[in-house]
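Trainee: Predicted model and sequence follow; I will ask about them next.
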Amino acid sequence: MKNAKLILLHPTIQKQSSSNANRLWLILIITFFTTAFTLTLIAATTNTTPTATSTTGSAASSVPLPLSISDALLHYAATSNSTHVTSTELVTISTAITGCAAATSRCNLLVFGLTHEALLYKALNFNGHTIFLDEDEQLVSRFEQHHQGIEAYDVQYETRVGEMKRLLESARGELHGECRPVQNLLFSECKLALNSLPNHVYDLSWDVILIDGPSGYHEVAPGRMSAIFTAAVLARSKKGGAAETHVLVHDFDREVERVYSDEFLCRDNLVEVVGKLGHFVVERVSDERLMTEFCSVPASANSSSSSTSIV
């Protein structure tokens, strides 16, 4: 066949398509949130009395977008970096944040890891309190300088991925002591507890905790053992607000994230797995004397077959 032609598709076409799809999801989520904010503002304006409307109409019409939203729109419009979180994972995270914001007057969001999606999380929780924690001191400093209103702190992790088994055995031996499920982490001597954070991080009642850091891809990386343990204690030691805390663990397919989540967040609290994202809902404990174990069912007794929703 003389007229037959061979068409070769370069692999970068698929990569660019995936990158564009993820950026499109980011823009769609922020656009939706901006529209919702605008509609809320319009509804609030139209519900005022005629006198108030006549005197404040010009002022209301000139109210700008919240800084967190405008900053996020500019950031994602100008960047060419693709997100490492998939579109379905982003939808799950954004649903948890916006659901919290809708249910409470002020949603408290704690994020382990200062990632490419940080401004999106801040924008989604524009009326709440968002704090980022990251292992890279220079990254934290640069991010705060370039983005006004970001509250971020660097964390000095003393753990290593290669120590995950030894640290787990140590914590199991201290469940009734320093590594108990309900406690003030500021004064904890548990090897897995983060006790060097700013004081107000321990005082706040966290509604959503996202764990996407620190790094954990090699043996000498800090790993997310301390982040998961700390999130589990913060959720159970919660003093105010809603009784439940949504804890989302990214890279849930990796050994550290899966094993430590099963141990401290508990498989019974796992409501869904979306891609590489594990979504837990952990309830606070009203009386710490009634809770001496993190999970009602030991992690070793949990089988891989579960009724949780896996997407």
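Mentor: Okay, I see it.

Trainee: check contacts around the residue nearest the centre of the chain.
Mentor: Closest residue to the average C-alpha location of the chain: residue 210 at 2.0 Å, with CA atoms, centre = their mean. Residue 210 sits next to 93, 109, 110, 111, 112, 113, 121, 248, 250 when contact means CB atoms under 8 Å, 6 or more residues apart in numbering. C-beta coordinates here come from the backbone N, C-alpha and C atoms, glycine included.

Trainee: Could you rerun that using 10 Å?
Mentor: 85, 93, 96-97, 109-113, 115, 117, 121, 130, 132, 227, 231, 246-250, 277 (CB atoms under 10 Å, 6 or more residues apart in numbering).

Trainee: likewise residue 112?
Mentor: 131-135, 155, 194, 209-214, 224, 226-228, 230-231, 249-250.

Trainee: and the closest residue in space to residue 101 that isn't next to it in sequence, how many neighbours?
Mentor: Distances taken as CB to CB, 6 or more residues apart in numbering put residue 107 closest to residue 101, at 4.5 Å, once the chain neighbours are dropped. Neighbour count for residue 107, taken as other CB atoms under 10 Å: 25.

Trainee: With residue 215 instead?
Mentor: Residues near residue 215, counting by other CB under 10 Å: 16.

Trainee: pLDDT score assigned to the residue lying closest to it once chain neighbours are set aside?
Mentor: The shortest distance from residue 215 to any non-neighbouring residue, by CB to CB, 6+ apart, is to residue 221 (4.4 Å). We have a pLDDT of 96 for residue 221.

Trainee: that older thread, go ahead and confirm the residue nearest to residue 101 touches residue 209.
Mentor: No. Applying CB atoms under 10 Å as the test, residue 107 and residue 209 come out as separate, 11.6 Å apart.

Trainee: Show me whatever sits in contact with both of those two.
Mentor: residue 96.

Trainee: Past the helix or strand bottoming out on mean pLDDT in the chain, which element shows up next along the chain?
Mentor: Every helix and strand of the chain was ranked by mean pLDDT, DSSP states H and E. The lowest is helix 50-61, at a mean of 43. Using DSSP states H and E, the helix or strand that follows helix 50-61 in sequence is helix 67-78.

Trainee: show me where pLDDT drops low in the stretch 51-200 of the chain?
Mentor: Confidence mapping of the stretch 51-200 of the chain against pLDDT under 70 gives the ranges 51-65, 74, 77-82.

Trainee: how about 90 then?
Mentor: Within the stretch 51-200 of the chain, the segments meeting pLDDT under 90 span 51-87, 101-106, 126, 148-149.

Trainee: which ones are touching residue 240?
Mentor: Residue 240 sits in contact with 108, 203, 204, 205, 284, where contact means CB under 10 Å, 6+ apart.

Trainee: can I get those residues in TSV with secondary structure, distance to residue 180 and neighbour count?
Mentor: Shown next, in TSV, are these (DSSP: H, G, I helix; E, B strand; the rest coil; distance: CB to CB, whole Å; neighbours: other CB atoms under 10 Å):
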residue	secondary structure	distance to residue 180	neighbour count
108	strand	23	22
203	helix	19	11
204	coil	20	17
205	coil	19	16
284	coil	14	18
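
Trainee: The residues you listed: which two are farthest apart?
Mentor: Farthest apart among the contacts of residue 240 by CB to CB are 203 and 284. That separation is 14.5 Å.

Trainee: give me the number of residues near the residue lying closest to residue 147 once chain neighbours are set aside?
Mentor: The spatially closest residue to residue 147, leaving aside those adjacent along the chain, is residue 71, at 5.7 Å (CB to CB, 6+ apart). By other CB under 10 Å, 19 other residues sit near residue 71.

Trainee: Equivalent analysis for residue 91, please.
Mentor: Counted with other CB under 10 Å, the neighbours of residue 91 add up to 15.

Trainee: and residue 153, what element?
Mentor: Here residue 153 is assigned to strand 152-154, by DSSP H and E.

Trainee: List the contacts of the next helix or strand after that strand.
Mentor: Downstream of strand 152-154, the next assigned helix or strand under DSSP H and E is helix 164-172. Helix 164-172 is contacted from outside by 158-160, 163, 178-180, 190-193, 216, 219, 223-226, 229, 255-256, 259-260, 263-264, 293-294, 298-299, using CB under 10 Å, 6+ apart.

Trainee: from these, which ones fall inside helices?
Mentor: When DSSP state H is applied, those are split such that 225, 226, 229, 255, 256, 259, 260 fall in helices.

Trainee: so who does the fourth one touch?
Mentor: The reference is to residue 255. Residues near residue 255 by CB under 10 Å, 6+ apart: 161, 164, 165, 216, 223.
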